[in-house]
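Student: 3D model of this:
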Amino acid sequence: MAKIKFEIVTAERDVYTDDVDVVIAPGIEGQLGILPNHAPLLTMLQPGELVVRKGGEETAIFVTGGFLEVMQNRVTVLADVAERAEEIDIERAEEAKRRAEERLRLRPTEMDLAAAEVALRRALIRIKVAERRKRKPGSGGAQRL
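Tutor: Numbers count the residues shown, from 1 in each chain. I've put the predicted structure just below:
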């Protein structure tokens, strides 16, 4: 089966680089599934879970946004923030969720409300991605298909 060269990077580091079977990304207008020989594409990403499938295994990666480019069987993601499932500190994410919920409960100004909603959404996505890893002990974030 044909492969896709996949790379996800942030300003600080390379998060994941490999030849993969499929990439599923949280596009700004919905989920994107990218298979080998996909048409050229450039799109923005929204905060969410990016999934990479290779050889019957899945790797989950939390992204807060950025850009995705598909060109000549190569997928490049330039992410604002990206963390593999096994890198996520669940306790830290739970604390961020509690802080955001508290800010929302206190009914802040309109500007603070939007920031609190974004913070809550990011924390919930982080927790979801990290829990995916917990469901498959010893998999390091990978999941059998």
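Student: For the rest of this, base every contact and every neighbour count on C-alpha atoms.
Tutor: Fine.
Student: Quickly list the domain ranges of this structure.
Tutor: Per the record, the chain has its domains at 4-85, 88-135, by automatic domain parsing.
Student: tell me the most buried of those?
Tutor: Ranked by mean neighbour count, the domains of the chain are led by domain 4-85 with a mean of 18 (mean count of other CA atoms under 10 Å).
Student: What's the separation between the residue nearest the centre of the chain and V77?
Tutor: Centroid-nearest residue in the chain: F62, 2.8 Å away (criterion: CA atoms, centre = their mean). Computed as CA to CA, to the nearest Å, the F62 to V77 distance reads 12 Å.
Student: One more: E102?
Tutor: For E102, the distance to V77 (CA to CA) stands at 33 Å.
Student: Tabulate the domains of the chain (a markdown table), appending mean pLDDT.
Tutor: Converted to a markdown table, those look like this (pLDDT from 0 to 100):
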| stretch | mean pLDDT |
| --- | --- |
| domain 4-85 | 94 |
| domain 88-135 | 77 |
